Structures are given as C-alpha cells and as structure tokens.
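J.: I need the structure of the sequence given here:
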Amino acid sequence: MHGTVAGTYASRLPWIAAHVHAGPGVLGAAMITPTVGALLTMPLTAHIAHRLGGRTAMRLLLVLWTLSLAIPGAMPNVGLLAAGLFVYGATSGVSDVMMNGQAVRIEARAGKSIMSGLHGMWSVGGIVGGFFGAACAGAGISALPEFAVSAAALTAAGLVASGLLPSDAELVGGADAEIRPPRFALPTRAVLGIGVVGFCAVFAEGSGSNWSAVYLTDVTHASAAVGAYCVTGFAATMALGRLTGDRIVRSLGPIWTVRLGGLLAVLGAAAVVAAHSPWLGIVGFAAMGLGIATGVPLAIAAAGRSGRDSDAAVAGVSSITYTAGLLAGPSVGALGSAVSLAFAFGFVAVLTCGMALAAHTLRIGTDAPRQNPATEPARA
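T.: Reported below is the predicted structural model:
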C-alpha cells in the first residue's frame, strides 16, 4: 500500500507541474517539503506507538498516508502544493517508521530474515503505482480523479491489511511494553553507525532513480524512450534484489550481504562513469540497483535489534535515510553542472564504497537473536 501511493504520485508529477504552472526550478523547491515534513514528524512515531499501541497506530497512520494521496492533485497553485506536500511527506514518514517497527518485531518472532522481502514488496507497489499512473496519463485522465479513486481504494485495503497484523501482546513482552519513549526521539550513537549503511544506499538509490534517464540521454546520447526504460529497469533490479535478499541473508548473514552488495554497486557506478554507449550505462545502473537493494532493509533490521526501544531506533535510521534522499538529487545535479555527470557518479561510487565499509555495524544482535518474551515459555 505504501509503495503504491508513492509510485502513483511520482508517475503524475508532470501533470501536477502543468496543473500549478510550475517550471522545473519551482517544482523542485516545492518537492523539498515532503522530506522536511517527514524529518520533522518521524521522531514522534515511537511516542505515538506507545500511546496507541502498534496495531492501532499502524492502522491510523497508514490510513492518513493513503488518504494524503488525494492532496497533491487538488492543490491549485504552487504555494498550496508545497503545503499539501508537507502533509503528504509527514504522513509518509510516520507510517513508514511504524510499518518498519512492526516488521522488526514480526521478524524477531519469525526468527529469520524477512525484512528485505518486505521492502521488496514496497518496490513492487511503486512499480504498480507507476504503471497505473502511466496508463491513466496515456488515457488522458487527470490526476485529480485518479488520486481520489486510488486513495479510497488503498485506504480500504490498508484498513484490511493492518487489521491482520498480530496484536501487541503477541509481539511485545511485558518489559518492552513498559518502555516510555521520549516525545521526540533523536538517533543514538549506535543508530548513527548503522545509519551510514542506509545513507549510502539511499543516496545511490536517489541518484539512480532521479538521474539515470538524464545520464543516458545527455552522456551516452540514448533516446528519451531508452532513458525512461532505464529508470524502470533500475527500480525492477532493486525490487528483485530485495525479494531475493532474505535468502541471501540466511546464507551469508547481513554483514557479508551488504559488503558484497556494496561491491556490486561500486562496480555498477564505475560502469556508469565509463559508459560511452547506452547499453553499458543500463548495465551499470542495473548493477547499482541490485547492489544497494538490501542496504536499507538490513540497516532498519539492525536498528530494531540495537536497543530496547525499536520504534525510536527505526525512526532514527529512517531520518538519516530520508536526509540522504533529500540530498541525492540536488547533489548530483550540482556536481554535474560544476564538473560533469560522470564525475557526479564517481562520487556515488565512493559513497557505495562507504556502504560496504560500514557493513560491520549491522553485527548488532546477530550473534544472539532477539527473542519474543511472549513465546519463550512455549518454546521452553
């Protein structure tokens, strides 16, 4: 549900820009507000979960997120669009953190890695939303009715899905339930180390998704259609990497999975830098997407194991990754303008090295997996 909302919105950005008469610069400035909204609200998530309970909080926050899809299409000018996108981003951030916090607990109860596959389903949702938006655009349907209908359908589906989550009693032991998180939880030192992995992965993701089409058309002289297909291919390889990532984690462990993924991403970014033909660029971006795929889910899983308050830890890592998403697009654009796009992706290659080098921070909790106190007596 979460990924489909994001994909639906992203696919109709051209319509939104035309609707509010915004050029690239003005639209780019307005698009900063969703990240700002997310960064300001995500540290509140642990407090909300403590007050309402995990399943109730998930239901409320997911509904707010799916309903917020109707906002961008209804805004008549850039100023109101920026305000609406702030709300859109805020609901995205808190529901994202809440969803990952639930996933951490369910993974602990399952006793095996499932986080990568869950993030893979987010990627699948993004692809589904993007295709649906493209179909509506091709049929000449404006984003306003599309967003309204999609918001209603996804809200109904979200209510059903969140109702199927395990209850708090099934996931949280008595000691954990007594933890009272701060109203505004900032990242701890341990979370900052884990956040380096997530930051590098998301920076590479934002660089690839935002600039791969431009890179192919401007540097390798590919057609606009080939550039567009490269964006879809980049997203597809990320989805593939995440959907198969749990099996790799169970064989190699999270540290070596991220190390090898980081190495593959470095090689992919290097191929992009060296590309003088569209096909080498496409292969490079595909390798980048596959290599960084497990970085964020495994960083979030490690954050959830890093302390007693998993919601606050997940919120901390999520804040770091959202910051990377905010910086990626403008940074590549600035370096591309000042030097060249090839130089900019050389910088991305250096950052993906950082993902591999920081992989050791994911060791937290892997030697002694966290057990669910509610199930320990039954196992005994």
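
J.: burial of residue 221, as a residue count?
T.: Residues near residue 221, counting by other CB atoms under 10 Å, number 11. For every residue, glycine as well, the C-beta is placed using N, CA and C.

J.: Report the contact partners of the nearest residue to it once chain neighbours are set aside.
T.: Spatial nearest neighbour of residue 221, chain neighbours left out: residue 278 (7.6 Å); criterion: CB to CB, 6 or more residues apart in numbering. By CB atoms under 8 Å, 6 or more residues apart in numbering, the contact set of residue 278 is 216, 220, 221, 222, 226, 230.

J.: before we move on, what about residue 26?
T.: residue 78.

J.: what's the helix or strand for it?
T.: Per DSSP states H and E: residue 26 is located in helix 24-30.

J.: Just the CA trace of that helix, in CSV.
T.: This file holds the C-alpha atoms of helix 24-30, laid out as CSV (Å, rounded to 0.1, in the frame of the first residue of the first chain):
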residue,chain,number,x,y,z
PRO,A,24,11.5,22.6,-13.0
GLY,A,25,13.1,25.0,-10.5
VAL,A,26,9.9,25.9,-8.7
LEU,A,27,8.6,22.4,-8.7
GLY,A,28,12.0,21.2,-7.4
ALA,A,29,11.8,23.7,-4.5
ALA,A,30,8.2,22.5,-3.7
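
J.: Going by neighbour count, list what's buried in it.
T.: Buried residues in helix 24-30, counted by 16 or more other CB atoms under 10 Å: 27, 30.

J.: With stretch 10-27 instead?
T.: Under the neighbour-count criterion of 16+ other CB under 10 Å, stretch 10-27 has 11, 12, 15, 16, 17, 19, 20, 22, 27 buried.

J.: Which one of those residues is nearest to residue 116?
T.: residue 11 (24.8 Å; CB to CB).

J.: how about the nearest residue to the closest one once chain neighbours are set aside, what does it touch?
T.: Distances taken as CB to CB, 6+ apart put residue 133 closest to residue 11, at 2.8 Å, once the chain neighbours are dropped. Residue 133 is in contact with 7, 8, 9, 10, 11, 12, 143, 146, counting by CB under 8 Å, 6+ apart.

J.: one more time with 7 Å, if that's ok
T.: Counting by CB atoms under 7 Å, 6 or more residues apart in numbering, residue 133 touches 8, 11, 12, 146.

J.: Equivalent analysis for residue 65, please.
T.: Residue 65 makes contact with 2, 5, 91, 92, 95 under the criterion CB under 7 Å, 6+ apart.

J.: The first one is in contact with residue 123, isn't it?
T.: If I follow you right, that is residue 2. No - between residue 2 and residue 123 there is no contact under CB atoms under 7 Å: 10.8 Å.

J.: neighbours of residue 310, just the number please.
T.: Residues lying near residue 310 (other CB under 10 Å) number 27.

J.: now it: how far from residue 326?
T.: Distance of residue 310 to residue 326, given as CB to CB, to the nearest Å: 24 Å.

J.: in which helix or strand would I find residue 354?
T.: Using DSSP H and E, residue 354 maps to helix 341-357.

J.: Enumerate the positions of that helix that are buried.
T.: Buried residues in helix 341-357, defined by neighbour count with 16+ other CB under 10 Å: 341-342, 344-349, 351-356.
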